[in-house]
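Undergrad: Quick one: sequence plus predicted model below, questions after.
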Amino acid sequence: MQNQSFDTAGDTAGDAAGAPVHPQSAGRTSASGSDTAGHIQGIDVTAGGLIRATLGSAVAAGVVLVLFWLPAEYGLDLTGLGRAMGLTQMGEIKQQLYSEAAEDDAVLAAQAAAAQVSADPALVARLDSIDARLAGIVAAVGAASTAAPAPAPAEVAVPAAPEVAAETEWRDEVSYTLAPTEGIEIKLAMTEGAVAAFEWTANGAVLNHDTHGDGSGQRITYEQGRGVPGQQGELVAAFTGNHGWFWRNRTDAPVTFTLRTRGDYSQMIAP
């Protein structure tokens, strides 16, 4: 009986081992992308497909760079869409803030250097000695010039220059009040070489200012100032575009300033 049971079991195992495998079962693939044997199926990729994907990514990155990143970070608007979306103004304000931060760092460095000089007694004594010698030289030169006065120059009749009526009429005049840390930008639409006279005053207070221009993908900084009570002069457009000023109130109190302009410009661009 035991031998018969052993033979029966062996026959069953042999039948199972020798049974044919169904073709569908041998090639069956799981939902995870691998077959039943655990092999991962690959995806065919051609060289042309890789090149097209790379070029598409480069074009998309270029579009984002020109339309959004350059206007928002540097105020460079090559297409005009950045100003329409308000990104160019954001970039200009960022550049102004970067410039003011750099100027603040320079002032702090100068103050630290001055403090270091004042903390060195030997250096202070040496500077005082130099000042005393210079004062003695100036006094000696002044005494010599007093002892030997120069002959009076002969009088020369100079014809009177014809009187020219000064322009006092301003074309535009605006006033704004800036809260502490608040800034504002006003520009004039000008063609290349055009000249506009201007005058602005902080009415007893002071403002930081940046005189600049932009247009046609170009940007220029004419002048920057910190703690300025006012200014007057002429603005000459380096190229066709918008040229003007950016002011910021770095004091602890509101500041009301007034801007007056006249000259060769098509319009004033103000908030």
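TA: Nice, I can see it.
Undergrad: Tell me if residue 63 really is in a helix.
TA: Yes: assessed with DSSP: H, G, I helix; E, B strand; the rest coil, residue 63 lies in a helix.
Undergrad: any idea where the strands of this structure begin and end?
TA: With DSSP state E as the criterion, the chain has strands at 172-178, 183-190, 195-201, 207-215, 218-228, 230-236, 241-248, 255-263, 267-269.
Undergrad: residue contacts, the residue most central in space within the chain?
TA: Nearest to the mean C-alpha position of the chain, counting by CA atoms, centre = their mean, stands residue 95 at 2.2 Å. Counting by CB atoms under 8 Å, 6 or more residues apart in numbering, residue 95 touches 74, 75. For the C-beta atoms, the positions are set from N, CA and C on the backbone; glycine is no exception.
Undergrad: Also residue 241?
TA: By CB under 8 Å, 6+ apart, residue 241 lies in contact with 189, 190, 213, 214, 215, 216, 218.
Undergrad: same thing but 7 Å
TA: Counting by CB atoms under 7 Å, 6 or more residues apart in numbering, residue 241 touches 213, 214, 215, 216, 218.
Undergrad: Bridging across strands, which residues link to the last one?
TA: Using DSSP bridges, the beta-bridge partners of residue 218 come out as residue 215.
Undergrad: likewise residue 223?
TA: residue 211.
Undergrad: how near is residue 264 to residue 169?
TA: 15 Å (CB to CB, to the nearest Å).
Undergrad: Tell me which of those two has more neighbours.
TA: residue 264 (14 against 6; other CB atoms under 10 Å).
Undergrad: Got the phi and psi for the more buried one?
TA: As for residue 264, its main-chain torsions (degrees, to the nearest 10) stand at phi -90, psi 80.
Undergrad: And the pLDDT at the nearest residue to it once chain neighbours are set aside?
TA: Spatially, and ignoring its direct neighbours in sequence, residue 264 is nearest to residue 194 (4.0 Å; CB to CB, 6 or more residues apart in numbering). Per-residue confidence (pLDDT) for residue 194: 96.
Undergrad: now do the one 3 residues further on
TA: Residue 197 is assigned 96 on the pLDDT scale.
Undergrad: pretty sure it is touching residue 262, no?
TA: Yes: the criterion here is CB atoms under 7 Å, and residue 197 meets it with residue 262 at 5.3 Å.
Undergrad: just to revisit the earlier point, for the residue nearest to residue 264, grab the count of nearby residues.
TA: Neighbours of residue 194 (other CB under 10 Å): 17.
Undergrad: Next: residue 219.
TA: There are 19 residues near residue 219, going by other CB under 10 Å.
Undergrad: try residue 46
TA: Residue 46: 8 neighbours (other CB under 10 Å).
Undergrad: Any chance of the backbone angles for it?
TA: For residue 46, the backbone dihedrals (degrees, to the nearest 10) come out as phi -100, psi 160.
Undergrad: Residue numbering should commence at 198 henceforth.
TA: OK, 198 is where the count begins now, so the last one is residue 243.
Undergrad: ok, it - contacts?
TA: So residue 243 contacts nothing (CB under 7 Å, 6+ apart).
Undergrad: Tell me, what's the model's pLDDT at it?
TA: So residue 243 comes in at 86 (pLDDT).
Undergrad: how near is it to residue 250?
TA: From residue 243 over to residue 250 the distance is 11 Å, taken as CB to CB.
Undergrad: Residue 446 now?
TA: For residue 446 relative to residue 250 (CB to CB), the value is 51 Å.
Undergrad: between the two, which one's more packed in?
TA: Neighbour tally, residue 446 and residue 250, criterion other CB under 10 Å: the higher count belongs to residue 446, 23 against 11.
Undergrad: contacting residues for the nearest residue to the more buried one once chain neighbours are set aside?
TA: Distances taken as CB to CB, 6+ apart place residue 375 nearest to residue 446, at 4.0 Å, with adjacent residues excluded. Contact partners of residue 375, counting by CB under 7 Å, 6+ apart, are 381, 444, 446, 451, 452.
Undergrad: On the strand side of things, show who residue 375 bridges to.
TA: Beta bridges link residue 375 to residue 452, judged by DSSP bridges.
Undergrad: What sits closest to residue 440 if chain neighbours are left out?
TA: residue 410 (3.6 Å).
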